[in-house]
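> model this:
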Amino acid sequence: MDFNNDGLADLIVGERNGYVNFYRRLGNGSLTSEGRIQAGSSDLDVGNNSAPFVFDWNNDGLLDLIVGREYTSGGSLRLYLNQGTPENAVFSGYTPVMKGSSPVAYPRSVPHMEDMNGDGLLDLLVGEDYGHTYYLENSGSTGAPVFTSGTAITVNGSPFAWPNGQTDCTVYVNDWNEDGVLDIIQGNYVKNVWVFLGNDVGIENFNSQEVSAGVLLSLHTNPISNSLGYTVTSEQPLPVSVSLWSMNGRLVKQWDLGTLQGVSDHVHTVSDLPNGVYAMIISVNGENSTRQVAVIR
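Alright, predicted model coming up:
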């Protein structure tokens, strides 16, 4: 992140005492302290446990600050808009980041902004003291983010949280394994950095996929809700079966379609399955093919 527009990556660092510090990158690669960032005529101070995230909130070409903080200090995320220039950031007062009519407030909040759903708008993720990460979808517009609700990030259908004694969830989003899908990296106060690999649930939603020689399968929708529908096209009579597996390798549904030829539609009830991502395995004459299906209600 180039905070002063000189082409070099700088550091903006929070601290226990609530201040935010600027470390400027030099041409030789080293860092030099520029001291605490100012808000008006005094140090920017959020109370305790400042956690800054730098990005252009209002799309005016200037880098702004969202700063997380200790819950006992009021807890809500603070937004500081840059009123200076790309080379010299200037901050004065702040406004709370809102979720509907209430401030976004989690204990020891650590914010991160990323377009999580591919709609071109930056969504908000917030790590917090008890090890959860909350996702707040941006329903506003470019330069005017709007958040209405927060949902805990889940792993295999359950909200992720650190074990007892391991607190303070930090969160970062990146394509860790370079597969074109965003992943989540989480750390905590005590130890451990965990990587949660994202699952692609929508690239081939409505396209036919050749699951075996001469056999095509096309999902009617993906994600799905209470039913799984698809069309099978087979040039010759072949035995076909379909199964759904959870991401931890447990068989949850299985259907024997018998011998199929020509075009046939199939619909199965899945209303008893919890929200999550499942592996759909299509077996044609003993040859398996897999695609991912998301259940969202």
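
> contacts made by the helix or strand bottoming out on mean pLDDT in the chain with the rest, please.
Sorting the helices and strands of the chain by mean pLDDT, DSSP states H and E puts strand 209-212 at the bottom, at a mean of 69. Strand 209-212 has contacts (CB atoms under 8 Å, 6 or more residues apart in numbering) with 216, 217, 218, 238, 282, 284, 285, 287, 289, 291. For glycine as for every other residue, the C-beta is placed from the backbone atoms N, C-alpha and C.

> ditto for stretch 103-110
Residues beyond stretch 103-110 that count as contacts (CB under 8 Å, 6+ apart) turn out to be 49, 51, 68-71, 74-77, 96-98, 124, 126-130, 132, 134, 136, 147, 150, 167-171.

> export only the CA atoms of it, formatted as CSV.
Extracted in CSV, the C-alpha atoms of stretch 103-110 (Å, rounded to 0.1, in the frame of the first residue of the first chain):
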residue,chain,number,x,y,z
PRO,A,103,-22.7,1.3,14.2
VAL,A,104,-20.7,-1.7,13.2
ALA,A,105,-19.4,-2.7,16.6
TYR,A,106,-17.6,-5.9,17.5
PRO,A,107,-15.1,-6.5,20.3
ARG,A,108,-11.5,-5.7,19.3
SER,A,109,-12.7,-5.3,15.7
VAL,A,110,-10.2,-5.8,12.8
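
> buried ones in that stretch?
104, 105, 106, 107, 108, 109, 110 (16 or more other CB atoms under 10 Å).

> repeat for stretch 107-123
Those buried within stretch 107-123 under the rule 16+ other CB under 10 Å are 107, 108, 109, 110, 111, 112, 113, 114, 116, 121, 122, 123.

> now these in CSV, with distance to residue 256 and secondary structure?
Listed next are these as CSV, based on distance: CB to CB, whole Å; DSSP: H, G, I helix; E, B strand; the rest coil:
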residue, distance to residue 256, secondary structure
107, 51, coil
108, 52, coil
109, 50, coil
110, 49, strand
111, 49, strand
112, 45, strand
113, 47, strand
114, 42, strand
116, 38, coil
121, 44, coil
122, 46, coil
123, 41, strand
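
> which among those gets closest to residue 245?
residue 116 (24.6 Å; CB to CB).

> spit out the contact partners of the closest residue to that closest one other than its chain neighbours.
Excluding its sequence neighbours, the residue lying closest to residue 116 (CB to CB, 6 or more residues apart in numbering) is residue 123, at 4.6 Å. When contacts are counted by CB under 8 Å, 6+ apart, residue 123 touches 113, 114, 115, 116, 117, 135, 136, 137, 138.

> so the first one touches residue 66, yeah?
Yes: at 7.2 Å, residue 113 and residue 66 qualify as touching, with contact defined as CB atoms under 8 Å.

> what do these two both touch?
With CB under 8 Å, 6+ apart, residue 113 and residue 66 have common neighbours 53, 55.

> give me the low-pLDDT residue ranges for the stretch 1-150 of the chain?
Within the stretch 1-150 of the chain, the set of residues satisfying pLDDT under 70 comprises 72-75.

> which residues in it form helices?
Ranges of helices in the stretch 1-150 of the chain, per DSSP state H, counting those that start in this stretch: none exist.

> and the strands in it?
11-14, 20-25, 31-36, 38-39, 42-43, 51-55, 64-68, 78-80, 95-96, 98-99, 102-103, 110-114, 123-127, 133-136 (DSSP state E, counting those that start in this stretch).

> now, of those strands, which is deepest in the fold?
Comparing those by mean neighbour count (mean count of other CB atoms under 10 Å), strand 64-68 comes out on top with a mean of 25.

> what angle sits between it and strand 110-114?
140 degrees (axes from the mean of the first three to the mean of the last three CA atoms, to 10 degrees).

> tell me how many other residues crowd residue 180.
Residue 180: 9 surrounding residues under other CB atoms under 10 Å.

> ah, wrong one, I meant residue 100
Neighbours around residue 100, by other CB under 10 Å: 11.

> does it really touch residue 149, like I thought?
Yes: counting by CB under 8 Å, residue 100 does reach residue 149; the two are 7.1 Å apart.

> out of the strands of the stretch 1-150 of the chain, flag the one nearest residue 181.
It is, among the strands of the stretch 1-150 of the chain and with distance given as CB to CB, strand 110-114, at 12.4 Å.
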